[in-house]
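Q: can't give you the sequence, but here's the structure:
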């Protein structure tokens, strides 16, 4: 879930913190990805208990990132906090998997994902806790340029740049969120923003009943903390959960992952190793794997040659025809993100 209705709130109250971009705009950038988010997209798309579909999707998506000269860093979840156990069980069942990951061991499927990514030559990191928290820490520290995730809690963890819809399609519209611009637009400190996210609803505790995004933002601006909100909120219309563990949730958002600065290295994909793993051990057709790797190498070589030509020509080069089209797609995406007209109204439930 991430943070409930945060994207909705941003659309109305902080649109200047969002930009629509193309996947090609991130050429040369280092992007941290929460591996569980990527894998669950493929699990949801293809129901069932076969592990091959997520592995295949991870293989194809990673190659497309590399084709664009994007440097992915895949981050794996470590031990999840106790507060998230119920959420993990619910997510596991919704995606057709019988149980959530073990709290103490690395699953065989996670090991397979890690092995696949190693064969593809991309760095993998095992987080001490939540992968999302480590991804946010990596972008805050400047180790990576952005975090790609569909969960908005990257921003609550302090991730300065969040990318959504980085789905590896050539014409994909990526939504980029800037935490600094978001805080400026909402006129909140990061501490106040974290309390706002808890009021909206997060994975780590319940929320005050009946409190919509607009009302939650107004209360935080007036009273600055959850404690201040509780003193002034009408408890009949907005009941406060019994034994509400909001302080534990707040602590999780501010904890710094205890991990050494990772050494990130990218290598060429191991074609023979990939064929052995995906085809001999997991029954994917060999011609598909070899064909995709061949296409990847040809595409990457072409892009690098074009970039070298552009660098030689300098700022006076003539723009290529295809560079004019993304602006049209961005206008369409902007209409979808911010509403079709300036007269778009909020939902009455807020």
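A: Structure's in. What do you need? Here the structure is a predicted model, which is why all the values come from computation and not from measurement.

Q: going forward, measure contacts and count neighbours with C-alpha atoms only.
A: Fine.

Q: Angles on the backbone of the most centrally placed residue in the chain, please.
A: Nearest to the mean C-alpha position of the chain, by Cα atoms, centre = their mean, lies residue 149 at 0.6 Å. In terms of degrees, to the nearest 10, the main-chain angles of residue 149 are phi -160, psi 150.

Q: Residue 166 and residue 140, how far apart?
A: 20 Å (Cα to Cα, to the nearest Å).

Q: now the helices for the stretch 201-350 of the chain?
A: Using DSSP state H, counting those that start in this stretch, the helices of the stretch 201-350 of the chain run over 213-223, 226-232, 246-254, 271-274, 286-313, 326-338.

Q: Revised request: answer the last question for the stretch 1-150 of the chain.
A: Using DSSP H, counting those that start in this stretch, helices in the stretch 1-150 of the chain cover 6-13, 35-45, 52-67, 85-94, 108-119, 131-140.

Q: is it possible to export the ones you listed to TSV including mean neighbour count?
A: Shown next, in TSV, are the helices of the stretch 1-150 of the chain (neighbours: other Cα atoms under 10 Å):
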stretch	mean neighbour count
helix 6-13	17
helix 35-45	18
helix 52-67	20
helix 85-94	14
helix 108-119	17
helix 131-140	26
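
Q: What about residue 74, how many residues nearby?
A: For residue 74, the neighbour count with other Cα atoms under 10 Å is 23.

Q: OK, contacts around it?
A: 32-35, 122-125 (Cα atoms under 8 Å, 6 or more residues apart in numbering).

Q: Beta-bridge partners for it, please?
A: As for beta bridges, residue 74 partners with residue 33, residue 124 under DSSP bridges.

Q: Next, find the distance separating residue 67 from residue 149.
A: In this view, residue 67 and residue 149 are 20 Å apart by Cα to Cα.

Q: what does residue 233 give?
A: Applying Cα to Cα to residue 233 and residue 149 gives a distance of 33 Å.

Q: cool, residue 240 as well?
A: 30 Å.

Q: pLDDT on the one helix or strand residue 154 maps to, on average?
A: Using DSSP states H and E, residue 154 sits within helix 153-156. Averaging pLDDT along helix 153-156 gives 95.

Q: ok, and what's touching the helix or strand just after that helix?
A: Using DSSP H and E, the helix or strand that follows helix 153-156 in sequence is strand 161-164. By Cα under 8 Å, 6+ apart, the residues outside strand 161-164 that reach it are 139, 145-150, 154-155, 174-179.

Q: Which pair of the contacts of residue 74 spans the longest distance?
A: The most widely separated members of the contacts of residue 74, counting by Cα to Cα, are 34 and 122 (13.8 Å).

Q: the more surrounded of those two?
A: Between residue 34 and residue 122, residue 34 has the larger neighbour count (other Cα under 10 Å), namely 26 against 21.

Q: Might you report the residue contacts of the closest residue to that one other than its chain neighbours?
A: Spatial nearest neighbour of residue 34, excluding adjacent residues (Cα to Cα, 6 or more residues apart in numbering): residue 75 at 5.2 Å. Contacts for residue 75 (Cα under 8 Å, 6+ apart) come out as 32-35, 124-127, 131, 134-135.
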